[in-house]
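[1] A predicted structure for the sequence below; I have some questions about it.
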Amino acid sequence: MDMQITFHQMQSSDAIKDYCHEKLDKLTRYYSRIDSFKVVLEAKKGKHHVAIVMHLPKKTFKVDSEERDDLYAAIDAAHDKLERILTDYKEQH
C-alpha cells in the first residue's frame with residue numbers, strides 16, 4: 001500500500017510519519033484492498049488540520065478532521081472517520 005504524507009506550514013517529523021503509517025495500516029483489517037493514501041498535515045494559527053484521501057480499486061474517499069490543538073488528535077479524528085466509512089462500504093459491497 002502506497003502512502004504519501006505532505007506537511008504544510010510545519011516541520012516534517014519521522015514520529016508523525018510513523019504514527020500515520022501505524023494508524024492507517026490498521027484500516028486494512030476493515031478492507032484489505034486499499035490501494036493508497038494521500039495525507040496532508042497542516043498547521044494554521046496554532047491549530048492542526050488533517051486531510052486524507054483513500055483510494056480503493058473503484059472508489060475514492062476523502063475525509064477532513066476538525067481543527068485540533070493536538071496533531072495526534074487530528075490524525076485520530078480523520079482515522080475514525082475513515083474507519084466508519086470503510087465499515088459502511090464493506091457492508092454495502
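    Now that the structure is in, tell me what you want to look at. Because the structure is a prediction, the values reported are computed rather than measured. Numbering: from 1, shown residues only.
[2] all strands for this protein, in order.
    Along the chain, the segments classed as strands by DSSP state E run 2-8, 36-44, 47-55, 60-64.
[3] and the second one, what does it pack onto?
    Looking back up the chat, that one is strand 36-44. On a contact count with 3 or more CB pairs under 8 Å, 6 or more residues apart in numbering; DSSP states H and E, strand 36-44 meets strand 2-8, helix 14-25, strand 47-55, helix 71-92. Backbone N, C-alpha and C define where each C-beta goes, glycine included.
[4] next, the angle from the third one to helix 14-25.
    It stands for strand 47-55. In terms of direction (axes from the mean of the first three to the mean of the last three CA atoms, to 10 degrees), strand 47-55 departs from helix 14-25 by 40 degrees.
[5] residues in contact with strand 47-55?
    With CB atoms under 8 Å, 6 or more residues apart in numbering as the test, strand 47-55 has contacts from 24, 27, 34-43, 60-71, 73-75, 77-79, 82, 85.
[6] can you pull the buried residues of it?
    48, 49, 50, 51, 52, 54 (16 or more other CB atoms under 10 Å).
[7] with distance to residue 90 added, can I get the strands of the chain in TSV?
    Output for the strands of the chain, formatted as TSV (distance: least, CB to CB, whole Å):
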stretch	distance to residue 90
strand 2-8	20
strand 36-44	17
strand 47-55	13
strand 60-64	12
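[8] out of those strands, nearest to residue 16?
    Closest approach to residue 16 among these is made by strand 36-44 (6.7 Å; CB to CB).
[9] who's in contact with residue 10?
    By CB under 8 Å, 6+ apart, the contact list for residue 10 reads 41, 42, 43.
[10] grab the nearest non-local neighbour of the second one.
    Read that as residue 42. Nearest non-adjacent residue to residue 42, counting by CB to CB, 6 or more residues apart in numbering: residue 8, 4.1 Å away.
[11] pick the most buried one from the strands of the chain.
    strand 47-55 (a mean of 19; mean count of other CB atoms under 10 Å).
[12] having no further points to raise, I will conclude here.
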